[in-house]
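> build me a model:
(one chain, ligands or ions: 1)
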Amino acid sequence: MNPYKLLEKYGPQNEKGMHILIAHSEAVAKSALILACRTPDITIDLTFLKEAALLHDIGVAQTNAPAIGCTGEAPYMKHGLLGAALLKELGFGRHADVCERHVGVGLTKEDIVQQGLPLPHRDVLPVSLEEQLITYVDNYYSKGSLKPDVPRTLECVKKKVASYGSRNIAVFNAWVERFGVVE
Ligand SMILES: [Fe+2]
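Down below sits the predicted model:
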């Protein structure tokens, strides 16, 4: 598979949206690969890690987020679900799971119900190491910032993750311990 061909075809069809998506996705892929290589005690499929990191946000083009060049109709919160449906349809089920499970630190059914999110009522949590690593690293990068390829500081990411609840920050802190800090 060629992730760039897929991004070109299914990403935002405007320069701003495509630029932000590519810059963000490449930054996530690069950081995920660096952390994976620094963690020799675990077996990670690096080819899959890179492909899936590049594709994890492919669903954004179908959402309504004009600030990042996305002019679709769906709520932004559905970008993981929509990306997953697309990649599944194309036969990339493993990559699809990364799309669906990467939002925040993963969402529990409880989160979805309590927050009234426009998502099916089931857990969507990162399971494999590759899924966890991409989800973890993604939290450092904001597509909405002026520099979507520059990571936020650990302190800043922790503050944001903690604002979503105690489960979120506990999961995130465990990842900091396991994978190290993105710099
Ligand atoms: Fe992302």
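
> Asp57 and Tyr141, how far apart?
Using Cβ to Cβ, to the nearest Å, Asp57 is found at 10 Å from Tyr141. From N, CA and C alone the C-beta is placed, and that goes for glycine too.

> should've said Glu73
25 Å.

> mind checking which of the two has more residues around it?
Tyr141 (22 against 8; other Cβ atoms under 10 Å).

> give me every residue in the chain lying close to the ion.
57, 138 (Cβ under 5 Å from the ion).

> the chain: helices as residue ranges?
3-10, 15-38, 46-55, 79-89, 93-101, 109-114, 129-138, 154-162, 166-179 (DSSP state H).

> average pLDDT for the fifth one, rounded please.
Same thing as helix 93-101. For helix 93-101, mean pLDDT is 98.

> which other helices and strands does it contact?
Helix 93-101 is packed against helix 46-55, helix 79-89, helix 129-138, with contacts defined by 3 or more Cβ pairs under 8 Å, 6 or more residues apart in numbering; DSSP states H and E.

> compute the inter-axis angle for it and helix 3-10.
Following axes from the mean of the first three to the mean of the last three Cα atoms, to 10 degrees, one obtains 60 degrees for the angle between helix 93-101 and helix 3-10.

> now helix 93-101 and helix 46-55, what's the angle there?
Using the same axes, to 10 degrees, helix 93-101 lies at 50 degrees relative to helix 46-55.

> what do you get for the second one?
Calculated by the same axes, to 10 degrees, helix 15-38 forms an angle of 150 degrees with helix 46-55.

> what's the angle from helix 15-38 to helix 129-138?
Using the same axes, to 10 degrees: helix 15-38 against helix 129-138 is 120 degrees.

> show me what helix 15-38 is packed up against.
On a contact count with 3+ Cβ pairs under 8 Å, 6+ apart, helix 15-38 meets helix 3-10, helix 46-55, helix 129-138.

> now with 7 Å, please.
Helices and strands touching helix 15-38, by 3 or more Cβ pairs under 7 Å, 6 or more residues apart in numbering; DSSP states H and E, are helix 46-55, helix 129-138.

> winner for burial among these?
Mean neighbour count, computed with mean count of other Cβ atoms under 10 Å, is highest for helix 129-138 among those, reaching a mean of 24.

> that one: how far from the chain's middle?
With Cα atoms, centre = their mean, to the nearest Å as the basis, helix 129-138 stands 8 Å off its chain's centre.

> can I get it in CSV, CA atoms only?
Presented in CSV, the C-alpha positions along helix 129-138 are these (Å, rounded to 0.1, in the frame of the first residue of the first chain):
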residue,chain,number,x,y,z
LEU,A,129,1.3,-1.6,20.6
GLU,A,130,1.2,0.2,17.2
GLU,A,131,-2.4,1.4,18.0
GLN,A,132,-1.3,2.6,21.4
LEU,A,133,1.9,4.3,20.2
ILE,A,134,0.1,6.2,17.4
THR,A,135,-2.7,7.3,19.8
TYR,A,136,-0.1,8.4,22.4
VAL,A,137,2.0,10.4,20.0
ASP,A,138,-1.0,12.0,18.3
